[in-house]
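Enquirer: Let me see the structure of the following:
(one chain, ligands or ions: 3)
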Amino acid sequence: MILKNGLILIGGELVSRDIALDSDGVIVAIGENLSGTEYVDLSGLWVMPSAVDVHVHLREPGYDYKETVASGTLAAAKGGVGIIMPMPNLNPCPDSVANLKVQQDIIDRDAVVKCYPFASVTKGEMGAELSDLTELAPIVKAFTDDGKGVNNLELLRKAMEIAKQNGIVIASHAEAENLGTTPEAEIVAVGREIEMAKEVGVKYHFCHISTAKAYEYIRKAKAEGYDITVEACPHHLLLCDRDIKDGNTKMNPPLRSREDMLATVEALLDGTVDMLATDHAPHAKHEKGEYSKSLNGIIGLETFLPSIYTHFVMNGQISHERFVELVSTAPAKRFGLPVPELKVGAKANLCALDIASAHTYTESEIVSLSTNSPFIGYTFYGFNKLTMVDGKVVWQNL
Ligand code: DOR
Ligand code: ZN
Ligand code: ZN
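Expert: Ligands and ions are numbered 1, 2, ... in the order given. As a prediction, the model looks like this:
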C-alpha cells in the first residue's frame, strides 16, 4: 500500500512524501513518486507518529455504561492515539494479578489500540493497604491511585521503594486530603511527594498539574536532577475558571484561575512539562448537568491533538518536533512503551492530521460512549483522518 502525498516532518519542515507499506504493514520506503498496487491519498495531511496518552479512564470492568474498552479505544483511534495507559479506578480494581487479568482479558478481546494498564498503588484505591505490588511490578509499566491522592505517607513510601526496586514509575494524582480540590491540595501534595521521591530515588510522575506553585516545585526538582516528570492536560492549558459552565467543564483538578492557566502554559513553553495527556474521563449524561451536581471528569481523546495543534503549533509557540515529543515520544519513553516512529523498517504506527482545515467538534460525531466534552462547539485545525496501529488501519475518515 502507498500512502500518497502526506506531509512529513523532515529537518523541521513539512514536505510531501509517499510512504510504502508491505503486506505486513511495515514501512519499506519513504520517498517521492512511489508506486504500488493500492493507494491512499493523504494530500494536505500531516502524517506523524501516532500519539501516546498515558492518562485515560476506560470504564471497564465496572462502569461500562460510561465507556467500554471497545468504545474508549475507538475514541483513541479516532483521535490519532495509538497507545494508551488505562487508569485503575475500576471494579474490580487491578490491585492483584487476578484482578488485572480481568481487565487485560477485556483489552485482549476488544481494544483497537495498544493498552498498557496501570496497577493501583493501594487495594481498591482505598489508601489503607498496598496492592500486590511485587507481583504486579513485572507485568505493568507503572502504579497509580489516580482519582485519589495517596495520603498515607508510610504506604506511599513503601510503594515508592517497591517501584524503585523494580525500576517502574509511580504516577501521582497529587491531592492532599482535607483540602478538597483547592490549589493548596495540589501544592501541598506535590511539595511533600517531591521530597519523598528525592529521598527514595524513585521514578516519579505527576499527573495533570494545574497550579503555578506546583510547577515551580517541579521545575526546581527537575533542575536539581531528580527523576521527576510531569504531564499537563489540554483543558488546563486552554480553559480557566472563567470558562466554567455546566458539568462538562467540571473535572479534578478543576479549571483554575487565569494565572494558574498561564503558568501551565509557561511550564509547557519553558520545557518543564514533559508530556501532554488527556485525563479522558467519561461520565454518563445523568452524572452530568448542573456544575455543582456533576461528577468530575471530561472526555478528551478526540480533541487532544487538534486542541494543542491549533493553540500552540499553528501560532508557532511550539514546533512540530516538540509537538511530536510532547504527545508521543516523551510519554512512550517515560513509561517504557513502544515508541511510534515514522521510519523505514518500523510497522506503521501513525496518524494523519488535517492541518489545513478547520472543523467544529459536534456531539453527534463523538464515538466515546459519553459526551462530556467542554470542547463541543469549538473549532480546531488538525483533526485526525487516519490511524494505523502496527500496520493496521484502526480509524479512517478520508
Ligand atoms: O476529573 C477526574 N476524573 N479526575 C479524577 O481524578 C478522576 C477522573 C475520573 O475517574 O472520572
Ligand atoms: Zn487524577
Ligand atoms: Zn485521571
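
Enquirer: what does this protein have sitting close to ligand 2?
Expert: Applying C-beta under 5 Å from the ion, one finds that the chain approaches ligand 2 through Asp146, His173. For glycine as for every other residue, the C-beta is placed from the backbone atoms N, C-alpha and C.

Enquirer: the longest helix in the chain is where?
Expert: For the chain, the longest helix by residue count, based on DSSP state H, is helix 183-200.

Enquirer: got the contact list for it?
Expert: Outside helix 183-200, the residues that touch it by C-beta atoms under 8 Å, 6 or more residues apart in numbering are 149, 153, 156-157, 160-161, 164, 170, 172, 174-177, 179, 204, 206, 209-211, 213-214, 217-218, 221, 224, 226-228, 253, 256-257, 260.

Enquirer: Show me which residues of that helix are buried.
Expert: Across helix 183-200, burial judged by 16 or more other C-beta atoms under 10 Å covers 183, 185-194, 197-198, 200.

Enquirer: Compute the distance between the closest residue to ligand 2 within the stretch 151-300 of the chain and ligand 1, please.
Expert: Scanning the stretch 151-300 of the chain for proximity to ligand 2 using C-beta to the ion identifies His173 as nearest, at 3.4 Å. Going from His173 to ligand 1 by C-beta to the nearest ligand atom, to the nearest Å gives 5 Å.

Enquirer: List the contacts of the residue nearest to that residue when sequence neighbours are not counted.
Expert: Nearest residue to His173, sequence neighbours excluded (C-beta to C-beta, 6 or more residues apart in numbering): Asp146, at 4.4 Å. Contacts for Asp146 (C-beta under 8 Å, 6+ apart) come out as His55, Met87, Pro88, Asn89, Phe118, Ala171, His173, Cys207.

Enquirer: If we use 7 Å, what do you get?
Expert: The neighbourhood of Asp146, defined by C-beta atoms under 7 Å, 6 or more residues apart in numbering, consists of Met87, Asn89, Ala171, His173, Cys207.

Enquirer: Give me the three-state assignment for the residue of the stretch 1-150 of the chain found nearest ligand 3.
Expert: Scanning the stretch 1-150 of the chain for the residue nearest ligand 3 gives Asp146, at 4.4 Å (criterion: C-beta to the ion). In terms of secondary structure, Asp146 is coil; the call rests on DSSP: H, G, I helix; E, B strand; the rest coil.

Enquirer: okay, now the closest residue to Val324 other than its chain neighbours: neighbour count?
Expert: Beyond its immediate neighbours in the sequence, the residue positioned closest to Val324 (C-beta to C-beta, 6+ apart) is Met48, lying 5.7 Å away. Burial of Met48, expressed as a neighbour count using other C-beta atoms under 10 Å, amounts to 25.

Enquirer: The strand or helix carrying Ile170 pairs with which strands, and in what direction?
Expert: In this structure, Ile170 is located in strand 169-172 according to DSSP states H and E. Each strand that strand 169-172 pairs with, and the sense of that pairing, follows from DSSP bridges: strand 142-144 (parallel), strand 204-206 (parallel).

Enquirer: and stretch 249-267, average pLDDT?
Expert: Looking at stretch 249-267 alone, the average pLDDT works out to 98.

Enquirer: Show me which residues of the chain sit near ligand 3.
Expert: For the chain, the residues in contact with ligand 3 (C-beta under 5 Å from the ion) are Asp146, Asp279.

Enquirer: Poorly predicted segments of the chain, please.
Expert: Filtered on pLDDT under 70, the chain yields no residues whatsoever.

Enquirer: looking at this, Ala20 is in a strand?
Expert: Yes. Using three-state DSSP, the assignment for Ala20 is a strand.

Enquirer: neighbours around the closest residue to it other than its chain neighbours, how many?
Expert: Here the nearest residue to Ala20 in space, its sequence neighbours aside, is Ala29; by C-beta to C-beta, 6+ apart that works out to 4.1 Å. One way to gauge burial is a neighbour count; for Ala29, by other C-beta under 10 Å, it gives 14.

Enquirer: repeat for the one 3 residues further on
Expert: The burial metric for Glu32, expressed as a neighbour count using other C-beta under 10 Å, is 9.

Enquirer: Repeat that for the one 4 residues further on.
Expert: Other residues near Gly36 number 15, with proximity taken as other C-beta under 10 Å.

Enquirer: Check the one 10 residues further on too.
Expert: By other C-beta under 10 Å, 25 other residues sit near Trp46.

Enquirer: thought it was touching Leu7?
Expert: Yes. Counting by C-beta atoms under 7 Å, Trp46 does reach Leu7; the two are 4.8 Å apart.

Enquirer: Surely Ile83 is in a strand?
Expert: Yes. With three-state DSSP as the criterion, Ile83 is located in a strand.

Enquirer: Touching, it and Leu337? I think so.
Expert: Yes. Using C-beta under 7 Å, Ile83 and Leu337 qualify as a contacting pair, with a distance of 5.6 Å.

Enquirer: Quick check: neighbours shared by the two?
Expert: Shared contacts of Ile83 and Leu337 (C-beta under 7 Å, 6+ apart): Val52.

Enquirer: Comparing the two, which residue is more hemmed in?
Expert: Each of Ile83 and Leu337 had its neighbours counted (other C-beta under 10 Å), and the higher figure belongs to Ile83 (26 against 19).

Enquirer: count of residues packed around Asp41?
Expert: Applying other C-beta under 10 Å, we find 12 other residues in the vicinity of Asp41.

Enquirer: so how far is Ala352 from it?
Expert: Spatial separation of Asp41 from Ala352 under the definition C-beta to C-beta, to the nearest Å is 10 Å.

Enquirer: just Ala330 next, same as before
Expert: As it turns out, when the distance is counted by C-beta to C-beta, Ala330 lies 21 Å from Ala352.

Enquirer: which residues of the stretch 251-398 of the chain fall in strands?
Expert: For the stretch 251-398 of the chain, strands defined by DSSP state E, counting those that start in this stretch occupy the ranges 275-276, 350-360, 379-389, 392-396.

Enquirer: So for Glu13, which of these sits nearest?
Expert: Using C-beta to C-beta as the criterion, the shortest distance between Glu13 and these is 13.6 Å, found for strand 350-360.
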